[in-house]
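Q: Got a predicted structure plus its sequence, pasted below:
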Amino acid sequence: MNEPVYIVAEIGCNWHADYELLKRMCRKAQMAGCNAVKFQALSQPLIDRHPEWDWYQSSSISPNNVDFVKRIVEDMGLDFFVTPTYAEAVTWLTPYVNLFKIRYADRNNESIVAACVNSGKKIILSTDRPIDIYYEGNLHKYINQIYCIPKYPTEFGELNFEMIKLLPGYSNHCLNPLAIIKAVRHGAKYIEYHLTDDRNEFAIDNKVSMSYAEMSEINRWIRLWEDHNA
């Protein structure tokens with residue numbers, strides 16, 4: 001029997017430090033059949049880039065909110081994990097997660113990668129091409145490389161789906177939903193996309209985020225494809 005696709009809704013900071021909004025987003029992800037939701041632990045330099053968003057720092061996962069956010073997520077029957085954007089975050093996140101996600105921008109960040117490997121947790125790492133060093137020694141036991149083009153938004157024609165044969169997962173920034181379906185057809189066993197509660201909000205990820213209706217439809221097509229090829 002084929003392993004089902006692991007579907008992740010990237011909430012990131014789109015919950016705006018509003019716990020009722022977070023519950024709604026998690027409930028919608030659970031109802032749509034997602035396996036997990038993901039967040040970000042932002043470094044202070046990243047937070048400082050956007051002083052106009054008074055919610056930005058509070059919506060970053062931190063020692064102050066990680067326990068509460070994790071409980072909300074797991075009460076919905078979803079897996080909880082986080083992208084650390086600074087190495088020190090890995091230390092306090094380790095007891096709370098079974099999986100770390102390393103973003104494309106940090107794919108060669110030795111301090112973050114080393115901290116995640118030393119945690120002993122599984123790692124998903126975004127890259128546009130295989131990074132050979134991560135296949136050496138025991139690193140391949142921890143690091144799973146997935147395909148990602150870090151352009152917001154990515155045009156459908158810019159995606160090389162053949163790369164998924166080498167990087168068997170896909171992190172989406174394309175507005176065409178067929179990109180996700182095609183990634184699954186090419187063998188992606190991990191799918192990640194951004195989720196928003198309101199497309200009209202101005203936020204970094206909103207222009208490449210899925211609405212609830214889009215999420216439900218995409219997940220439905222993924223599961224139909226799996227059933228057809230079981």
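A: Happy to help now that I have it.

Q: Figure out the length between the terminal residues of stretch 150-160.
A: 13 Å (C-alpha to C-alpha, to the nearest Å).

Q: helices or strands next to the helix or strand containing V69 in the packing?
A: Per DSSP states H and E: V69 is located in helix 66-75. In terms of contacts (3 or more C-beta pairs under 8 Å, 6 or more residues apart in numbering; DSSP states H and E), helix 66-75 is packed against helix 19-31, strand 79-84. Quick note: C-beta positions are derived from backbone N, CA and C, even for glycine.

Q: ok and the longest helix belonging to the chain relative to helix 19-31, angle-wise?
A: Longest helix in the chain, counting residues (DSSP state H): helix 212-228. Between the axis of helix 212-228 and that of helix 19-31 there is an angle of 20 degrees, by axes from the mean of the first three to the mean of the last three C-alpha atoms, to 10 degrees.

Q: In the helix-or-strand element of the chain with minimal mean pLDDT, which of the residues would be classed as buried?
A: Ranked by mean pLDDT, DSSP states H and E, the helix or strand of the chain with the weakest confidence is helix 139-142, at a mean of 91. Buried residues in helix 139-142, defined by neighbour count with 16 or more other C-beta atoms under 10 Å: Y142.

Q: now stretch 53-73
A: Along stretch 53-73, these residues count as buried under the neighbour rule (16+ other C-beta under 10 Å): 53, 56-61, 65-66, 69-70, 72-73.

Q: got it, and stretch 90-105?
A: For stretch 90-105, a neighbour-count test (16+ other C-beta under 10 Å) marks V90, L93, T94, V97, L99, F100, K101, I102, R103, Y104 as buried.

Q: Pick out the most distant pair among those residues.
A: Distance extremes for these: the farthest pair is T94 and Y104 at 22.3 Å, using C-beta to C-beta.

Q: returning to what we had before: least confident of the buried residues of stretch 53-73?
A: The lowest pLDDT within those belongs to W53, which sits at 88.

Q: quick one: that residue and I72, what's the gap?
A: Separation of W53 from I72 (C-beta to C-beta, to the nearest Å) stands at 21 Å.

Q: got it, and E88?
A: Remark: distance between E88 and I72 (C-beta to C-beta) = 24 Å.

Q: out of the buried residues of stretch 53-73, which one sits closest to K207?
A: Closest to K207 out of the buried residues of stretch 53-73 is W53 (15.4 Å), distances taken as C-beta to C-beta.

Q: Where does that closest one sit, in terms of helix or strand?
A: Judged by DSSP H and E, W53 forms part of no helix or strand.

Q: so what's the spatially closest residue to T94 that is not a sequence neighbour up against?
A: Counting by C-beta to C-beta, 6 or more residues apart in numbering, T94 lies nearest to S119, which is 4.6 Å off, once chain neighbours are set aside. For S119, the contacting residues are V90, T94, F100, by C-beta atoms under 8 Å, 6 or more residues apart in numbering.

Q: Secondary structure for these - can I get that in JSON lines?
A: As requested, these are arranged in JSON lines below (DSSP: H, G, I helix; E, B strand; the rest coil):
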{"residue": "V90", "secondary structure": "helix"}
{"residue": "T94", "secondary structure": "helix"}
{"residue": "F100", "secondary structure": "strand"}
